[in-house]
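S.K.: Sequence first, predicted coordinates after that:
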Amino acid sequence: MGDDQAITHTIGITGATGGIGGRVAARLARRGIAQRLIVRDLNRAPEFPGASAAMASYEDTTAFERAAKGADTLFLVSATESADRVDRHISAVDAAVAAGVKRIVYLSFLSAAPAATFSYARDHFYTEAHIRSTGVAHTFLRPGFYLDLLPYWADDAGVIRGPAGQGRVAWVSRDDVADAAVAVLTEGAEHDGATYDVTGPEAMTMGETVERLSALTGKTIRYVPETWEEALASRRPTGAPEWQIEGWASSYAAIASGEMDVVSPAVVRLTGHPAQTLERFLRTHPSALSHVYT
């Protein structure tokens, strides 16, 4: 009965051209589940059996409502960071509810809170609060920092710099996050109202992280601690707006604060397999640090 329901009900997927949404859509397609891929550019929409595509941006309430029509469940991937990201999320949520979506599975972030150290995590808190306020059934997935993006924290010289202190972080793979999302999307009401921290299997300091990266790749990866002011100053030459610079710096500060020091059993519980280790990730992605010179 549950399998029949999953196949006959349509799941709306946002972010299908991205790292998480694309993985989720591919996994649902392999299960033969009907999907509506809501994308900003139809030309970039992936083609999967049983999937249709509709064009809408989060901030275009009319287009998003039209795109979400007929979807019972919506997987809402958070929008690209911006100064008005919460407003864009609220617009998409309201449009989905108006379209008749009965359930929203939102890709949030670990330790989302109104006073979270990581500035982007505050956006997720306010988005979660708005979803709750609509009364729609919901599940929040809160991954930590992605293992897949860890290599890009290092510059071309193999240096990772920031105010992470001695705090710990349990890097999580996007494959594990996607597997967890698929479980929640297809298993239905048993996850309603739940919030899942989705992390890797081990929390490590930035110093331990670079030691492991160096040992596993043969490249010299170093961590250079910065103060908060040094972190802001070192990033300002990029010309990025101040809110973005604070976002980059506060990702490290959130590690120092202890807010990323969470090791959750959610991956095993939801997927039935262990979360990827740093070692396994690098074995399967041997070119992950190819941009770093030896």
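M.R.: Yes, it's here.

S.K.: who touches the strand ranked longest in the chain?
M.R.: The longest strand of the chain (DSSP state E) is strand 137-143. With CB atoms under 8 Å, 6 or more residues apart in numbering as the test, strand 137-143 has contacts from 102-112, 124, 128, 131-132, 172, 177, 180-181, 184, 189, 191-199. All C-beta atoms are positioned from the backbone trio N, CA, C, and that covers glycine.

S.K.: what about 7 Å?
M.R.: With contact meaning CB atoms under 7 Å, 6 or more residues apart in numbering, strand 137-143 is reached by 102-110, 112, 128, 131-132, 172, 177, 180-181, 184, 191-192, 194-198.

S.K.: burial measure for Ala30, as a count.
M.R.: Just to correct that, residue 30 is Arg rather than Ala. For Arg30, the neighbour count with other CB atoms under 10 Å is 12.

S.K.: what about the helices in the stretch 151-294 of the chain?
M.R.: Ranges of helices in the stretch 151-294 of the chain, per DSSP state H, counting those that start in this stretch, are 174-187, 206-217, 228-235, 242-257, 266-271, 278-284.

S.K.: can you list the ones you listed in CSV and add mean neighbour count, mean pLDDT and distance to Gly50?
M.R.: Below are the helices of the stretch 151-294 of the chain laid out as CSV (neighbours: other CB atoms under 10 Å; pLDDT from 0 to 100; distance: least, CB to CB, whole Å):
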stretch, mean neighbour count, mean pLDDT, distance to Gly50
helix 174-187, 22, 98, 13
helix 206-217, 18, 96, 39
helix 228-235, 16, 97, 44
helix 242-257, 20, 97, 37
helix 266-271, 19, 98, 22
helix 278-284, 16, 95, 28
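
S.K.: So for stretch 158-166, what gets flagged as buried?
M.R.: For stretch 158-166, the neighbour count (16 or more other CB atoms under 10 Å) marks 158, 160-165 as buried.

S.K.: Which pLDDT value goes with Gln35?
M.R.: Gln35 is assigned 97 on the pLDDT scale.

S.K.: and what of Thr294?
M.R.: Thr294 is assigned 57 on the pLDDT scale.

S.K.: now swap in Ala189 and tell me
M.R.: Looking at Ala189, its pLDDT stands at 88.

S.K.: coming back round to it: quick one: buried ones out of the contacts of strand 137-143?
M.R.: Buried subset of the contacts of strand 137-143 (neighbour count, 16+ other CB under 10 Å): 103-110, 112, 128, 131, 172, 177, 180-181, 184, 191, 196-198.

S.K.: can you tell me which of those are in strands?
M.R.: Counting by DSSP E, the buried ones among the contacts of strand 137-143 place 103-107, 196-198 in strands.

S.K.: low pLDDT regions in the chain?
M.R.: Counting by pLDDT under 70, the low-confidence segments of the chain come to 1-8, 294.

S.K.: Grab the nearest non-local neighbour of Ala277.
M.R.: Actually, residue 277 is Thr rather than Ala. Of all residues beyond its chain neighbours, the one nearest Thr277 is Pro201 (5.9 Å), with distances taken as CB to CB, 6 or more residues apart in numbering.

S.K.: one step back: out of the helices of the stretch 151-294 of the chain, flag the one nearest Ala79.
M.R.: helix 242-257 (13.5 Å; CB to CB).

S.K.: Give me the angle between that closest one and helix 206-217.
M.R.: Relative orientation of helix 242-257 and helix 206-217, computed by axes from the mean of the first three to the mean of the last three CA atoms, to 10 degrees: 90 degrees.

S.K.: gap between Ser57 and Lys102?
M.R.: Separation of Ser57 from Lys102 (CB to CB, to the nearest Å): 23 Å.
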